[in-house]
Each structure stands twice: as structure tokens, then as C-alpha cells.
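>>> okay, sequence plus prediction incoming.
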Amino acid sequence: MRMRFEPEAEEEFEAARELLVDRLVRWAGGQGLPADGFMAEAALDYRHGATADGRLGLWDSHHVEELLLTWLPQQVTELPGEERSDAPGTLRTLLRYLHTAQLADPRGPALQDSLAAVDRLAEQHPAAMADRTRWGLAKFWAMTAAEQGVDILDGAELQRFAERARRGEAPYDEQALDAVMERRLTGRTLSRSARAEPQLPVALPEDDELGGIPPGCRPAGAGRLDHGTRRAGRRATATDRFRRGHGFPYACAGHARRAVGGAAGR
């Protein structure tokens, strides 16, 4: 089964994701293991869309931590009164299935190492999901509306809430929204990444083996870099960051547990 897709191959990825999740859920049922199909989809979405290599079968401790403490809190909306999903449990089952079905990437860690990473981070996951400063922008407004009794799947009702919010008539957590916007403006939200493979470490010779640069030689491109900088007529400086308006999604249709609107950093 293909386990890596280019970012633009959305239809192929979605078809593979659907098949993989279906097989996962059926296998988990036979094993008596927890498997939430929606959370499994979200995990695969993260690996495909928010990581540079996009390898669905490779899960090191960094991926586990980023999924549980950043991506899911940013992207997945669990409305007030909904039963909370067991994301760590689903991730454990997904990891076990990938190894059982021989879909795990051979470059990845051993299964026990990945499971240990989940165990280490599982207790932190609920607090991360509840931390408003970790939410994406669409999720922030969807949750704010839902907490005030708005049916976010009712477009007309949500639109009326949006209008009240723009007029300053709907209360919201200003400090949390500032933190959300700060992350967006500084590029610290998880979003689509250009494909790139991890670089293998390179062992360099010792200093005494390298020797000096021969007389008259300069690093390639040094002159062009200097010339380009002078021709531009300016130096690199820190730029001022302007405070932008806090956007509000005009529509929040879709799965109630997904951050609606998608603008929150996919």
C-alpha cells in the first residue's frame, strides 16, 4: 500500500486514508483495541499535510508529540457536552497496526519506542486540547460560539453570532485570541509543508585533516552574495509587525469535531 503522497495529490491521499482507516478500525475491533476513525484520519492528515516528508508510516517521538500537543489541539474541535475521544489510545492502535501490516517505514523507530513516546505524552494531551492558546483561529471562534449556545452547524445562527462578535457584543477570551493571532502572524502554526526528506548526519574530518583554504581561493558564491547585497542598497533589518484584525469565520459547516473553516492552519 502506498504510504507517501505529494501535497497536491489530495484525491489519491484521501482514497488511501479512507482505505487505511477502514482496515485499521476492522483490525482493532478484532483485537479489542480502541480505534476512533476520526482521530485516525486526523493523525494521517497531520503526517501528510503538516510534515515535510509526509511519510504516513513513520512516527518518531517528535511526530507523536506534535500530533498530541499541537496539531490535534489546533485542528480538532470537541464541542461542549461531547464525549472526548481517546486520541492517545487510537494512536497506539494505529502504530501497532502499521507494524502488524508491515506498513511501518523501516527508517522509523521500533514500535516499543513509539509506544513509549505516546505513554509519556498521553497525560498532557487533555490539558493541551483544553488550552485555548493552542487552538487554531477557526476552532477558537467555533468553540466560543458553541459555549454561548450557538449551533455551529446552523449557518444562519452562526452568521448572527459572527455579526454580534464583529460589533463587540459577544464576549470572548481576548488574551487567548491574542495568543492565537500571535502564532499565526509569526508562522508558528502547523501548516502545509513542502516535501523534503530528513538529511542524514555527515561526519566531517578533524580540523587538522581539513587543512587551510589554498591562497587566492574564496568560497563559491561569496562575491555574488556581497555584490547582490550592495546592489540592493539595504541591509537585512528586523521588520515591524503590524497588529491585524482578528478574523472571524463566516461559515463553520462540516464535521462538528473538526476545526471548521480550515483557515486555522492546515
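Arrived safely, thanks for sending.
>>> so what's the residue count around residue 175?
For residue 175, the number of neighbouring residues by other Cβ atoms under 10 Å comes to 9. Just so you know, the C-beta spots here come from the backbone N, C-alpha and C atoms, and that holds for glycine as well.
>>> let's verify it: helix, strand, or coil?
The three-state label for residue 175, taken from DSSP: H, G, I helix; E, B strand; the rest coil, comes out as helix.
>>> residues touching the nearest residue to it once chain neighbours are set aside, list them.
Take residue 175 and drop its neighbours on the chain: the residue closest to it by Cβ to Cβ, 6 or more residues apart in numbering is residue 133, 8.0 Å away. Contacts were defined as Cβ atoms under 8 Å, 6 or more residues apart in numbering; by that measure residue 133 touches 175-176, 179-180.
>>> looking at those, which is nearest residue 51?
Using Cβ to Cβ, residue 180 is the member of the contacts of residue 133 that sits closest to residue 51, with 21.7 Å.
>>> tell me which element that closest one is part of?
Here residue 180 is covered by helix 174-185, with elements defined by DSSP states H and E.
>>> what packs against that helix?
Counting contacts by 3 or more Cβ pairs under 8 Å, 6 or more residues apart in numbering; DSSP states H and E, the secondary-structure elements packed against helix 174-185 are helix 137-147.
>>> buried set for the helix it packs on?
By neighbour count, with 16 or more other Cβ atoms under 10 Å as the criterion, the buried positions of helix 137-147 are 137-146.
>>> over to stretch 75-92?
75-78, 85-92.
>>> kindly report the same for stretch 6-22.
For stretch 6-22, a neighbour-count test (16+ other Cβ under 10 Å) marks 13, 16-17, 20-21 as buried.
>>> turn the buried residues of helix 137-147 into CSV, including pLDDT.
Compiled in CSV, those are given as follows (pLDDT from 0 to 100):
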residue, pLDDT
137, 93
138, 92
139, 94
140, 95
141, 94
142, 94
143, 94
144, 95
145, 96
146, 95
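>>> looking at those residues, spot the one nearest residue 30.
Out of these, the one with the shortest distance to residue 30 is residue 139. That distance is 34.1 Å, counting by Cβ to Cβ.
>>> surely the closest one and residue 71 touch.
No - applying Cβ atoms under 8 Å, one finds residue 139 not in contact with residue 71, separated by 11.6 Å.
>>> what is the host helix or strand of residue 115 packed up against?
If you go by DSSP H and E, residue 115 is part of helix 111-122. Contact analysis of helix 111-122 by 3+ Cβ pairs under 8 Å, 6+ apart lists helix 61-66, helix 87-100 as its packing neighbours.
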